[in-house]
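> could you work out the structure for the sequence below:
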Amino acid sequence: MMIRVLDFAAVGEIVTGVALLIAPSWVGQVLLGEPLVGVAIAPARVAGIALCALGVGCLLNSPLLGMSAYSAAVALYLGYVGSIGGLAGMLLWPAVAIHAVLSILLFRIWTKT
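Residues are numbered from 1 along each chain as shown. Reported below is the predicted structural model:
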C-alpha cells in the first residue's frame, strides 16, 4: 500500500515538474490564479526540474540518482539561461559551476554503487 502511494505521489510530482518546464505561465495561472511572467519563468523551471528529480528519485528508490539528475539538469538549464536567456546575476555562473561539479561527483558515486 505504501509503495503504491509513493509511486502515485512520484508520478504526480513528475507530471507537475514537466508542466512547469513546458508551460510555467499556465501552471502559475491554474495553481495561483495569476500567470507567471518575466523573470518568474526561470525559477519556475528550476522548480520543475527539482520536482522531476524528486519524482524520479522516489519512483526508482534512488535518491542518489534523483540528486544527480537534478544537479546535471540545473547546471545545463542555468547555463542556458545565462548564455541564451539574457539573465545573469552575480551568483549564476558559480551556481552553474557548483552544480556541474556536484553532478559529476554524484554520477561517479552512482555508477560505482
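> where does this structure have low pLDDT?
2 (pLDDT under 70).
> which residue is nearest the middle of it?
Ile49 (1.5 Å; CA atoms, centre = their mean).
> for that one, grab phi and psi.
Dihedral pair for Ile49: phi -60, psi -40, per degrees, to the nearest 10.
> which residues does Val18 contact?
With contacts defined as CB atoms under 8 Å, 6 or more residues apart in numbering, Val18 is in contact with 48, 52. Bear in mind the C-beta positions are built from the backbone N, C-alpha and C, glycine included.
> right, and the helix or strand after the helix or strand hosting it?
Taking DSSP states H and E as the definition, one finds Val18 inside helix 2-22. Counting by DSSP H and E, the next helix or strand C-terminal to helix 2-22 is helix 24-32.
> now that following helix and helix 2-22, what's the angle there?
130 degrees (axes from the mean of the first three to the mean of the last three CA atoms, to 10 degrees).
> run the chain-centre distance for helix 24-32.
Distance of helix 24-32 from its chain centroid, counting by CA atoms, centre = their mean, to the nearest Å, is 17 Å.
> likewise stretch 15-23?
Distance, centroid of stretch 15-23 to centroid of chain: 10 Å (CA atoms, centre = their mean).
> kindly report the same for stretch 79-89.
For stretch 79-89, the distance to the chain centre is 16 Å (CA atoms, centre = their mean).
> over to stretch 11-30?
11 Å.
> span of it from start to end?
19 Å (CA to CA, to the nearest Å).
> for that stretch, buried residues please.
By neighbour count with 16 or more other CB atoms under 10 Å, stretch 11-30 contains the buried residues 13-14, 16-17, 19-21, 23-24, 27-28.
> for the residue nearest to the centre of the chain, which residues are in contact?
17, 21, 70, 73-74, 77.
> quick one: it from Gly33, how far?
24 Å (CB to CB, to the nearest Å).
> appreciated, that's everything.
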